[in-house]
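Engineer: Build me a model from this:
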Amino acid sequence: PGRRTDAGFAFLVNSGNANAFTGRAGRDAVAASAATVANALAIPERHVLVASTGVIGEPLPVERITASLAALRDGLAPDRAGEAARAILTTDTFPKGAAARVDLGGVGATIIGFAKGSGMIAPDMATMLAFLFTDAAIDRDLLQAMLAGVADRTFNCITVDSDTSTSDTLLLAATGRVAMGPIAAADDPRADAFRAALHAVMLDLAQQVVRDGEGATKFVEVAVTGAASDGDARKVARAIANSPLVKTALAGEDPNWGRIVMAVGKSGAAADRDRLAIRFGEIVVAENGQVAASYAEAAGAAYMKAQELVIGVDLGIGAGTANVWTCDLTHRYVEINADYRS
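Structural biologist: This next block holds a predicted model:
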């Protein structure tokens, strides 16, 4: 939930240890670290928000954190966001950041954010941490609703390996430092502009997570249209994006579109074979329930060599749509996760 205070707030984040499935000791560690941050910054404990990511089930050595907090406080500076983005990484190969400027009725405001995530990534939201900040003045409840709605179309539409995790956090802080009347209602024209900018930042971060998927060599958009409902479209898109057979075919640059048909069938969404159409980018692969007369396997194989791919599926039975972003499944993914704790 959103929080507002004139006393200030703090985010405390650690990587390498998820502090999950650690029982009472884990709860005590959170309380101790939050209390130490509150004391160091002279803010209420309830305004210290704590996030962790890393190995599950290992006790958190909280004393190592609390012993460092005075130095962290003294080192706080507006130009250290890049260091913060790097500090929270686990198996990530690069820090992930994004920013946008937005005109709010003639007043400029900024939205910035950084995130981490590479494996155990699937909707709702997986082992991903994301922290967003804006200087716009906006009502807390409205901002909460915006954040949830945009997350459903960005972070909850990505998958690396279909696995969720114990550690997932998305936090947005609005400082209200811009001199402007606050955005207090959804019908305020400035709300649409802010929402669009927020969507741009969050989609950028979400797609960076997929691009950095463990062992990934392909960035893939699964675009589903013509479903009975948006919910059905999302079922189909997720079934394709999460299929090990589809993902390994992508890794092998094999245009095995039969595996896409399989994923549509297993999704549980309403479908009609004789209305189904499949595309690889602009290449029509199948239509009316069979391979397209114009399709050439060589063209599909050539398309699969690209690093960025679009798989299009039209179910032909309604107006439902969905987009999900994923990556391929490679030998390197197996190596990373086989050796994760070694």
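Engineer: C-alpha only now, for contacts and for neighbours.
Structural biologist: Will do.
Engineer: quick one: low-confidence parts of the chain?
Structural biologist: Segments of the chain classed as low confidence (criterion: pLDDT under 70) are 1-6, 123-127, 341-342.
Engineer: Any buried residues in the longest helix along it, and which?
Structural biologist: What stands out as the longest helix in the chain, according to DSSP state H, is helix 189-211. Of all the residues in helix 189-211, those buried under the rule 16 or more other CA atoms under 10 Å are 190-191, 194-211.
Engineer: Likewise for stretch 144-164?
Structural biologist: Residues of stretch 144-164 classed as buried: 144, 146-147, 150-151, 153-164 (neighbour count, 16+ other CA under 10 Å).
Engineer: can you give me the strands in the stretch 1-150 of the chain?
Structural biologist: Residue ranges of the strands in the stretch 1-150 of the chain, as given by DSSP state E, counting those that start in this stretch, are 10-17, 48-55, 96-104, 107-116, 129-134.
Engineer: Any idea which of those strands gets closest to residue 296?
Structural biologist: Put simply, out of the strands of the stretch 1-150 of the chain the one that sits nearest residue 296 is strand 96-104, at 38.5 Å, with distance taken as CA to CA.
Engineer: Check the gap between residue 314 and residue 228 for me.
Structural biologist: Noted for residue 314: a distance of 11 Å to residue 228, by CA to CA, to the nearest Å.
Engineer: Mind checking which of these two has more residues around it?
Structural biologist: When residue 314 is set against residue 228 and neighbours are counted by other CA atoms under 10 Å, the residue ahead is residue 314, at 22 against 18.
Engineer: Report the residue ranges of every domain in the chain.
Structural biologist: 1-76, 89-213, 219-338 (automatic domain parsing).
Engineer: Now distance to residue 83 too, for those domains, in a markdown table please.
Structural biologist: Compiled in a markdown table, these are given as follows (distance: least, CA to CA, whole Å):
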| stretch | distance to residue 83 |
| --- | --- |
| domain 1-76 | 11 |
| domain 89-213 | 9 |
| domain 219-338 | 24 |
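Engineer: that older thread, need the next SSE after the longest helix of the chain, C-terminal direction.
Structural biologist: Moving toward the C-terminus from helix 189-211, the next helix or strand (DSSP states H and E) is strand 219-227.
Engineer: what angle sits between that next one and helix 189-211?
Structural biologist: If you take axes from the mean of the first three to the mean of the last three CA atoms, to 10 degrees, strand 219-227 sits at 120 degrees to helix 189-211.
Engineer: Got phi/psi on the closest residue to residue 181 other than its chain neighbours?
Structural biologist: If you skip the residues right next to it in sequence, residue 181 has residue 137 as its closest partner in space, 7.0 Å away by CA to CA, 6 or more residues apart in numbering. Residue 137 has phi and psi values of phi -100, psi 120 when expressed as degrees, to the nearest 10.
Engineer: got the contact list for residue 137?
Structural biologist: When contacts are counted by CA atoms under 8 Å, 6 or more residues apart in numbering, residue 137 is found next to 174, 175, 176, 177, 178, 180, 181, 182, 183.
Engineer: Check the gap between it and residue 175 for me.
Structural biologist: 7 Å.
Engineer: Once you drop chain neighbours, what's closest to the residue nearest the centre of the chain?
Structural biologist: The central residue of the chain, meaning the one whose C-alpha is nearest the mean C-alpha position (CA atoms, centre = their mean), is residue 155 at 3.1 Å. Leaving aside its chain neighbours, residue 155 sits nearest to residue 206 (5.3 Å; criterion: CA to CA, 6+ apart).
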